[in-house]
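Asks: sequence plus predicted model, see below.
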Amino acid sequence: MTPPAPTARFRGEVRTTAVLAAPLVAGHLATGLIGFVDNVIAGRHGTNTLAGVAVGTAMFWLPMMVPMGTLMALPPSVSQLDGAGRRAEVGSLFRQALWLSLMLGLLLFAFLSLSVHALEPMGIAPEVRPTAAAFLHGIRWGIPALTLYLCMRYLCDGLHWTLPTMAFGFGGLLVLLPLGYAMTFGAFGFPEMGAGGLGLASATMMWLQVAGFLVYLARARRFEALRLFERFDLPRREEISSLLRTGLPIGVTVAMEGGLFVVTALLIGRLGELEVAAHQIAINVASLCFMIPFGLAEATTVRVGHAIGAGRGAHGVRRAACAGLVLVLATQALSAAVLLGWHDAIAAVYTRDLAVASLAGTLLLFAAAFQFPDGVQVLSAGALRGLKDTRVPMFIAALAYWGVGMPLGAGLGLGLGWGPKGMWLGLIAGLLVAAVLMGWRLLRSSRPGALPPGRVTKGA
């Protein structure tokens, strides 16, 4: 049989990546819409509530990015086993990943329980501290559920089955919308709890998500052959250490990038509730836009890992990476156009405060400017994860985000008094440097001599 032409194979790879990524993108958008719901509920409750949720969300996600990124070692590990025809080993790997996710969740719960004491030393505005602390006290109860949920989700992603990410993401949204409103404003028998109630509603949603996912994996015929829960395995040092060797650099890389945005929010929190509320609106919209390239990057991780496991060589790896890049450039162009054309209208959805909406609309123009570098850097990082190349990207992230982005943003925003606009210029600079360096690293790591060995198949 004549193998398909290179152009046809590339079109096929684009289609495969798009089909794989679509539920991931939808699931991530559902997650982003959860943040949107949080912010709209908080904003309607009051500017102080929105500012407190902004700071509390930043303090929640900054440490959360380390376990989230660490567990991203699971999809490439699973996809390489799948591509090499070693599916029988997936169940054992998954059980060890569950232990790792539980340990990470408990550690983070303890950390966040203490983090509220850092609000005053960090210089957060006095009027914002009580609501931020209340939100943190509530949402921290959901952390172990979130890490377990991520482990189950990443297993499915690595097996090219991404519909559960979408289904449980939107399921969580349907729970949070009425529950968050009721516990924030006081309805359906709940007292008015403001930001604290919103945090508790988010934690409740996380536990319901993980319970549903557990039942699904245990009962779905698709996973029967993997025997995910056939026995109880004690933690095994070798397998958990292997996941950590690959995953911790990913976790640090994700924290480096996400930390740039989170610390920016915390620094803006020193300026007052108007500035932090406007920033929270703009960063929430930018985060929604980011969910699209993030989902495409995760799909690219799986496709690159599968190409390695199947022994498709440099051509197969680069074809998978380029397919993801084409899709990312197209979606980022659309996001940039929407932000440029409707920035003021989008900001007005979040708040009735005209001063907050005006500043947020201006910041959305800055968000439009970093759509392309943000897409390129996250796609390149995703392809590198598929190659299990995680250490050098960690150092690239440190340089781009903390050697360039944060010093520039802090210098312009706080040092020169440019406020949130100066901080956002730092975000743009950091993402631009990351895009260039991550792309360069991907070209080096996908050379024929640099690829790890795999099982040789036809049609590479």
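Replies: Received the coordinates, thanks. Since the model is a prediction, treat every value here as computed from it, not as a measurement.
Asks: all strands for this protein, in order.
Replies: Counting by DSSP state E, one finds no strands in the chain.
Asks: residues touching residue 408, list them.
Replies: Neighbouring residues of residue 408 by CB atoms under 8 Å, 6 or more residues apart in numbering: 425-426, 429-430. Glycine gets a C-beta too; all of them are placed from N, C-alpha and C.
Asks: if we go to 7 Å?
Replies: Counting by CB atoms under 7 Å, 6 or more residues apart in numbering, residue 408 makes contact with 425-426, 429.
Asks: need these in CSV (columns: neighbour count).
Replies: Converted to CSV, the contacts of residue 408 look like this (neighbours: other CB atoms under 10 Å):
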residue, neighbour count
425, 20
426, 24
429, 21
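Asks: now, which of those residues sits nearest residue 323?
Replies: residue 429 (28.8 Å; CB to CB).
Asks: quick one: that closest one from residue 410, how far?
Replies: Taking CB to CB, to the nearest Å as the measure, residue 429 falls 12 Å from residue 410.
Asks: which pLDDT value does the model give the closest residue to residue 198 other than its chain neighbours?
Replies: By the measure of CB to CB, 6 or more residues apart in numbering, the closest residue to residue 198 outside its immediate chain neighbours is residue 184, 4.9 Å from it. Looking at residue 184, its pLDDT is 90.
Asks: which residues in the stretch 251-400 of the chain form helices?
Replies: Per DSSP state H, counting those that start in this stretch, the stretch 251-400 of the chain carries helices over the ranges 273-309, 313-350, 354-369, 371-386, 391-397.
Asks: in the second one, which residues are buried?
Replies: When you say that, I think you mean helix 313-350. Across helix 313-350, burial judged by 16 or more other CB atoms under 10 Å covers 313, 316-328, 331-332, 335-336, 339, 343, 346-348, 350.
Asks: the first one now?
Replies: Of the residues in helix 273-309, those with enough neighbours to count as buried (16+ other CB under 10 Å) are 273, 275-309.
Asks: okay, the angle between that helix and helix 313-350?
Replies: Interaxial angle of helix 273-309 relative to helix 313-350 (axes from the mean of the first three to the mean of the last three CA atoms, to 10 degrees): 160 degrees.
Asks: for residue 189, give me phi and psi.
Replies: When quoted as degrees, to the nearest 10, the phi and psi of residue 189 stand at phi 90, psi -10.
Asks: without its sequence neighbours, what residue ends up closest to it?
Replies: In space, and not counting its chain neighbours, residue 189 is closest to residue 182: 7.9 Å by CB to CB, 6+ apart.
Asks: how close does the one you found get to residue 136?
Replies: Residue 182 sits 20 Å away from residue 136, taking CB to CB as the criterion.
Asks: and the two? Which one has more around it.
Replies: residue 136 (24 against 19; other CB atoms under 10 Å).
Asks: so what's the more buried one closest to, chain neighbours aside?
Replies: Nearest to residue 136 is residue 56, by CB to CB, 6+ apart, at 4.8 Å.
Asks: for burial, what's the neighbour tally of the one you found?
Replies: As a burial measure, residue 56 scores 31 neighbours (other CB under 10 Å).
Asks: check what pLDDT it gets.
Replies: Each residue has a pLDDT score; the one for residue 56 is 85.
Asks: against residue 436, how distant is it?
Replies: Residue 56 is 34 Å from residue 436, by CB to CB.
Asks: which of the contacts of residue 408 fall within helices?
Replies: Mapping these onto helices (DSSP state H) picks out 425-426, 429.
Asks: which one of these is nearest residue 145?
Replies: Set against residue 145, the nearest of the ones in helices among the contacts of residue 408 by CB to CB is residue 426 (33.8 Å).
Asks: what pLDDT is listed against that closest one?
Replies: Residue 426 is given a pLDDT of 91.
Asks: grab the nearest non-local neighbour of it.
Replies: The shortest distance from residue 426 to any non-neighbouring residue, by CB to CB, 6+ apart, is to residue 409 (2.0 Å).
Asks: model confidence over stretch 387-407, on average?
Replies: In this model, stretch 387-407 has a mean pLDDT of 90.
Asks: let me fix that: stretch 107-114
Replies: Computed over stretch 107-114, the average pLDDT equals 90.
Asks: how about residues contacting it?
Replies: Here stretch 107-114 makes contact (CB under 7 Å, 6+ apart) with 60, 63-64, 67, 136, 140, 143-144.
Asks: before we move on, what about stretch 259-271?
Replies: With CB under 7 Å, 6+ apart, stretch 259-271 has contacts from 54-55, 58, 61-62, 65, 122-125, 128, 275-276, 279-280, 283, 401, 405-406, 409-410, 413-414, 419-420, 423, 427, 430.
Asks: from those residues, which land in helices?
Replies: 54-55, 58, 61-62, 65, 275-276, 279-280, 283, 406, 409-410, 420, 423, 427, 430.
Asks: where in this structure is pLDDT low?
Replies: Within the chain, the segments meeting pLDDT under 70 span 1-5, 449-460.
Asks: what about 50?
Replies: For the chain, applying pLDDT under 50 flags the ranges 1-2, 454-460.
Asks: which helix is the longest one in it?
Replies: Determined from DSSP H, the single longest helix within the chain is helix 6-45.
Asks: tell me what that one is packed against?
Replies: With contacts defined as 3 or more CB pairs under 7 Å, 6 or more residues apart in numbering; DSSP states H and E, helix 6-45 has these neighbours: helix 47-70, helix 163-181, helix 194-219, helix 273-309, helix 313-350.
Asks: buried residues in that helix, which are they?
Replies: Across helix 6-45, burial judged by 16+ other CB under 10 Å covers 9-10, 13-14, 16-18, 20-43, 45.
Asks: what do you get for stretch 356-369?
Replies: For stretch 356-369, the neighbour count (16+ other CB under 10 Å) marks 356-357, 359-364, 366-369 as buried.
Asks: quick one, phi/psi of residue 417?
Replies: Dihedral pair for residue 417: phi 80, psi 20, per degrees, to the nearest 10.
Asks: now for the residue lying closest to residue 376 once chain neighbours are set aside: which residues touch it?
Replies: In space, residue 376 comes closest to residue 435 once its chain neighbours are excluded; the distance is 4.1 Å by CB to CB, 6+ apart. Residue 435 is in contact with 373, 376-377, counting by CB under 7 Å, 6+ apart.
Asks: wait, which of those residues is closest to residue 159?
Replies: residue 377 (26.5 Å).
Asks: what is the burial count for the closest one?
Replies: For residue 377, the neighbour count with other CB under 10 Å is 29.
Asks: just to check, it is in contact with residue 432?
Replies: No - the criterion here is CB atoms under 7 Å, and residue 377 misses it with residue 432 at 8.6 Å.
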